[in-house]
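Q: A predicted structure for the sequence below; I have some questions about it.
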Amino acid sequence: MDQLVSQLLLGLVSGALLVLLALGLNLIFGLLEFINFSHGALYMVGAYVASYLAAATGSIWLALLVVPIVMLLVGAGLERTIIRPMYGRDQVDALLLTFGLTYVLIEGIRMIAGSGGRRVRAPELLDFQVPLGIGRPIPAYLLFVVLVVALVVGGLWLFLQRTDVGLVVRAGIRDHVMIRALGVRFDRYRTLVFAIGVAVAGIAGVLTGPITGVYPEMGADILILAFVVVVVGGMGSFWGAVAAGLLIGVLVSLTTLYASVYAGIVPFVLMILVMTFRPRGLLGAT
Amino acid sequence: MSEPILLAEGLDRSFGGIHAVNDVSLEIPEGSLHAIIGPNGSGKTTLFNLITGHTRPSAGRVRFAGQDITGMPYSKVARKGLAKSYQITTVFPLLTVFENVRIAAQAAEHSYVFWRPADRIKSVVRHTEQVLERIGLAHERDTIASNLSHGDQRRLDLAIALATSPRLLLLDEPTAGMSPTETAATVKLVEELNADVTILMIEHKMDVILSIADRITVLHQGEKLFEGAPAEVKSHPRVQEVYLTGSL
Amino acid sequence: MTHVTTTPSSDGTPVEGAAPATLARVRGSRAARWTWGQLGLLLVLAVIVLFTVPNPSLAIGMLIYGLWAAGLNLLVGYGGLVSFGHALPFAWGGYAAGLVLLHVSTSVWLALLVAVASMALLSTLVGAVCLRRTEVYFSMLTLAFAQLGFFIALQWDSVTGGDDGLAGIPVPTLGLGTGIELNALRDPLTFFLFTGVVVLVTFAGLILFTESPMGRVLQAIRENEERARGCGYNTRLVQLVTFVLAGTVAGLAGGLFAMLNNFVGLQPYWLLSGVVLIMVILGGRSSLFGPVLGAVVYLVLESTLSRYYASWQLIVGAIFMVCVLAFPQGLWGLVTQTVPGLFRRRRSAG
């Protein structure tokens, strides 16, 4: 029982990180109409930037503030330079371009930081265990991760629901043709949405560092899982991505406990089941 | 009397409580040219989509050439001989004009052949050439479709529909966005085509309809307001009122 | 739906997403006009590889990768369906051929037949799921399936050898009463010629498919799926057949690769989804020959660059991005577009 509870919590933590990546993918797909293949690599870049900041300042507090801003700029810069020429071309080209970008980013990091990976320490302030009454005490840092993810998800939701930009983005997700009639300003929304998606991936990167360390390939596996989350939750569905992310995190974690051999396979089996019986995803629109 | 080529009975479709199409019936005899008019939002395009199977009707049935096609997927309906030309020009943009039409022409007999080169199937090539000749695009046969002028693209759209040798041709505003000269040419073409194929068309330009249609259905707020010959429609007071206020 | 469709605004002028003229030239039909001539090009390329590549294993590898990439291009270039999981059929073919050679018979034919037939079956199942929805889903799902396959190969070590893979796969024999062995180490020439024949025959089959009514419909679906449906085509069926075909060709290539190395394992088989895609884009997706050229160029780059420069993949990635941005027609597209122009200019000048 104790183990079950701890494992459940660990699942929620990894699921929460998946949610952040899946939401970014979803948002970008909604407005820009392509799948950002470099999302995992950008998450990795965010994690690396955080690891250097943490090394310089002694903790990730500064990174949590700076990295989203850095990644926002990186995202905006990428959109303005290499993504923009892809509009009006086949969707496939943007997908391929970001696939190439993944290679460049991973190899670039290898060149700068080496292939070995780096360790990142959790902030001292959170270096204690929280007794939950049930199960083993859980590291405070993991609870902190869940809290930050919840704040980011809530913030994104409010942003989409309450701001003018959010209104346009939501309308654009539903009806591209109509929103194109807005003309030039649409360009800015695309830049903004791509940048926000990248920044959110960056936050996920910062949070991951103290848990698993950072290494060049860290984005590859989680990207595939984020794809699975997007498909299972339903393309373009905000809460679908949240629900599917947490579900998959917990499922994987519990399988690890009871039948670890199958842990890697579980998300894909779920995906195949969803695609077969409910192709629009758990909460996806028809 | 033989059954009409298209028979729609009590078609109904609502979106979120609003009736887009409300209890509309249509009867299109073989060989006729039937037009549907109505102000924007009167349900014309939804009605088309109900017929082609793009949208499932909430109630009602569609029979085509003696068969019930209600709720059948669009590709199947198309194979039965119901072709549609689109309101927004829809061609295969990076293929040549010839290939655009050839693709449609081979659909009838050679859809899924993969063991012989397509260009060697003489009957398809000949049929393609005939259609291009008829539509007046023969001189553009090697042009990439997206390089055609807007008017020519609309004609290519029509040629693709025609090349499937349909029994019923649905035209969704065939003259939309055309200059007066192009409109006149298209009207003439539609009239010529009607010699061989039954046509059901949506049209916005009143003068176009009145000159060529055998029968006209007037839609208003999803309901059938009136149906009759052009002369009757022209003089019908309610139609005058609705159509004029609607288009203003 | 592609974005290239010119959607006229109410006043009849094309709105955003048009750019038709340039794109038509970029993805152009001209390269596709080299139909059966591609077979001759492939033969010439194979001969050049035979006489210039010093490492026989690399030379044979070029043929195998070339075939694999050409098959993938049915999906990517002709179908507009980008598969990120084409390592799955390649690895499957490798394991299938390897297992037959290890446990059943050393016949080349049986091993390749099992690889191809079992892959056709598996492709049908995987394709049915991957093609449930639009192309965006397709890319993500193919990647996910490849990852799933990787996990299964890793865990099921009683069959696949897990992490260690299947080593010591016996040298296959050609049979037919000749007693000829396909030993890449001792007699690379025979292996090269055998592979060359298999690749040429399969390549001819691929050309026939792209020129057939069904292959043409595939290209029409890439351009405008809705309209293809309106012509009466079951577009999913056409895409599924293509998926099975591309998967089967990959299975064949994987089987050959297993024989070349006498080994199948997690590395490199499962890690090549990206590599083969790079080959396709580098060589050019508007023809079948382009990807073969891309495979040869990639392997030349790899074998030379990696000797001097540890981060050589950075360069490959950058070249790839430049290709997508500026030359979507790839190397072969570049050649077919510029070379005839040069001739024409010279002729008119002289």
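A: Everything's here; your move. Everything numeric in this text was worked out from a predicted model, so none of it was measured. Numbers count the residues shown, from 1 in each chain, chains lettered A, B, ... in the order given.

Q: Count the neighbours of residue B:18 for me.
A: 10 (other C-beta atoms under 10 Å in any protein chain shown). For glycine as for every other residue, the C-beta is placed from the backbone atoms N, C-alpha and C.

Q: what's the answer for residue C:341, then?
A: By other C-beta under 10 Å, 10 other residues sit near residue C:341.

Q: Now do it against chain A, distance only.
A: 23 Å (C-beta to the nearest C-beta, to the nearest Å).

Q: host element of that residue?
A: Counting by DSSP states H and E, the element that carries residue C:341 is helix C:330-349.

Q: Say whether chain C is contacted by stretch A:38-54.
A: No. Stretch A:38-54 lies out of reach of chain C by C-beta under 8 Å from any C-beta of the partner chain, never closer than 10.3 Å.

Q: average pLDDT across that stretch?
A: For stretch A:38-54, mean pLDDT rounds to 96.

Q: how would you label the closest residue to residue B:145 other than its chain neighbours: helix, strand or coil?
A: In space, not counting the residues next to it along the chain, residue B:145 is nearest to residue B:91; the distance is 4.6 Å by C-beta to C-beta, 6 or more residues apart in numbering or on different chains. Put simply, residue B:91 is coil when judged by DSSP: H, G, I helix; E, B strand; the rest coil.

Q: any idea how far residue A:80 is from residue B:91?
A: 33 Å (C-beta to C-beta, to the nearest Å).

Q: repeat for residue A:32
A: According to C-beta to C-beta, residue A:32 and residue A:80 sit 13 Å apart.

Q: More neighbours: these two, which one.
A: Neighbour totals were compared for residue A:32 and residue A:80, and residue A:32 leads with 23 against 14 (other C-beta under 10 Å).

Q: Please report phi then psi for the more buried one.
A: phi -100, psi -10 (degrees, to the nearest 10).

Q: now residue C:106
A: When read as degrees, to the nearest 10, the backbone of residue C:106 gives phi -100, psi 20.

Q: for the one 4 residues further on, same thing?
A: Residue C:110 adopts backbone torsions of phi -60, psi -40, taken as degrees, to the nearest 10.

Q: Please tell me I have it right and it contacts residue C:104.
A: Yes. With contact defined as C-beta atoms under 8 Å, residue C:110 reaches residue C:104; the gap is 6.8 Å.

Q: Which one of the two is surrounded by more residues?
A: Shown here are residue C:110 and residue C:104; by other C-beta under 10 Å, residue C:110 has more neighbours (16 against 11).

Q: Need the nearest residue in space to the more buried one, chain neighbours excluded.
A: Using C-beta to C-beta, 6+ apart, the closest residue to residue C:110 is residue C:100 (5.9 Å).

Q: any idea which element that neighbour lies in?
A: Assigned by DSSP H and E, residue C:100 belongs to helix C:87-103.

Q: So which residues of the stretch 101-250 of chain C form helices?
A: Taking DSSP state H, counting those that start in this stretch to define them, one finds helices in the stretch 101-250 of chain C at C:108-130, C:135-155, C:157-160, C:188-211, C:213-223, C:225-230, C:235-261.

Q: Hmm, I typed the wrong one, I wanted chain B.
A: Using DSSP state H, the helices of chain B run over residues B:44-52, B:74-79, B:97-110, B:122-135, B:150-163, B:180-193, B:206-212, B:230-235, B:237-247.

Q: Check which helices and strands the third one sits against.
A: Pointing back at helix B:97-110 there. Where contact means 3 or more C-beta pairs under 8 Å, 6 or more residues apart in numbering or on different chains; DSSP states H and E, helix B:97-110 is packed against helix B:122-135, helix B:150-163, helix C:213-223.

Q: wait, which of those helices is closest to chain A?
A: Closest to chain A of the helices and strands packed on helix B:97-110, according to C-beta to the nearest C-beta: helix C:213-223, at 8.4 Å.
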